[in-house]
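K.L.:
One predicted model, sequence on top.
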Amino acid sequence: MSDQSTTPPLVVLGIFAHPDDPEFSMGGTAALWASQGAAVYYCIITNGRAGSNDPTQDLDELVRIREAEQRAAAQVCGVRDVFFLGYEDGTLEPTIALRRELTRLIRRLRPDRVVTGDPTAFFYEGYINHADHRAAAEAAVTAVFPSAPTRPIFPELLAEGLEPHQVKQLYITQLGEGALIVDIGTTIETKIEALRQHRSQVDPGDGSWIREWAAGTGRAAGIAYAEGFRVVTLVPEPAPPAEPA
């Protein structure tokens, strides 16, 4: 029997456009995985500067506030570190430069699993998906494949000592039919507390509306509170050894 203490932890990287996006999209799941021993990291692509319509708001101060809020929220969920890329909020594009930065981070952290949004989702019930969300997701998906595992793409990263890396699973945040449903019953209150850290952006109140969202995701599967993902498996798990005859 192998010594489980020598098994490296699952490494997870969540890539999102704005501070507070991870908490809404995967806060309960991140807390669950972290509690199970996974090394969870977040990458926040934009600086969050467009997070206020108050004409008196000092936007440079808002950037500092939102970074601090995101770090506090990540700490609540047990996330090990947060990487901020500092792109301008509200005008994000899936550029080659952004793809290179995400590829660099993937090759550096070498995650087993990357979590991001759906680059094809324009409309959800009752609202339009933010263009930054789509751009962040497109860049993230393209960094996962083909950029991160392909040696001739971004050869300058090889000069930095960053060898190609193949992510095993890509989790796309998804609601509704066909989603992998993750039971966050043990971490729903952690998700709510993490969202409370984003005081400049959201007031969860008593958390009832967040619980209602999570209950809606889990209802079809008979789960009290859940988050949903579309999972793309890039490296299948090896088949278990055959039982001796």
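P.N.:
Nice, I can see it.

K.L.:
And the strands in this structure, which stretches?
P.N.:
11-16, 39-46, 81-87, 113-116, 123-124, 127-128, 169-173, 180-183, 226-233 (DSSP state E).

K.L.:
which helices and strands does the second one pack with?
P.N.:
Packing contacts for strand 39-46, counted by 3 or more Cβ pairs under 8 Å, 6 or more residues apart in numbering; DSSP states H and E, involve strand 11-16, helix 21-35, helix 59-77, strand 81-87, helix 96-109, helix 131-142. All C-beta atoms are positioned from the backbone trio N, CA, C, and that covers glycine.

K.L.:
Next, the angle from it to helix 131-142.
P.N.:
With axes from the mean of the first three to the mean of the last three Cα atoms, to 10 degrees applied, the angle from strand 39-46 to helix 131-142 works out at 130 degrees.

K.L.:
Partner strands of strand 39-46 and their direction?
P.N.:
strand 11-16 (parallel), strand 81-87 (parallel) (DSSP bridges).

K.L.:
ok, and the helix or strand in this protein with the lowest average confidence?
P.N.:
strand 123-124 (a mean of 86; mean pLDDT, DSSP states H and E).

K.L.:
neighbouring contacts of that strand?
P.N.:
Residues from elsewhere that reach strand 123-124 (Cβ atoms under 8 Å, 6 or more residues apart in numbering): 129, 175.

K.L.:
Sheet partners, orientation included, of that strand?
P.N.:
Assessed with DSSP bridges, strand 123-124 is paired to strand 127-128 (antiparallel).
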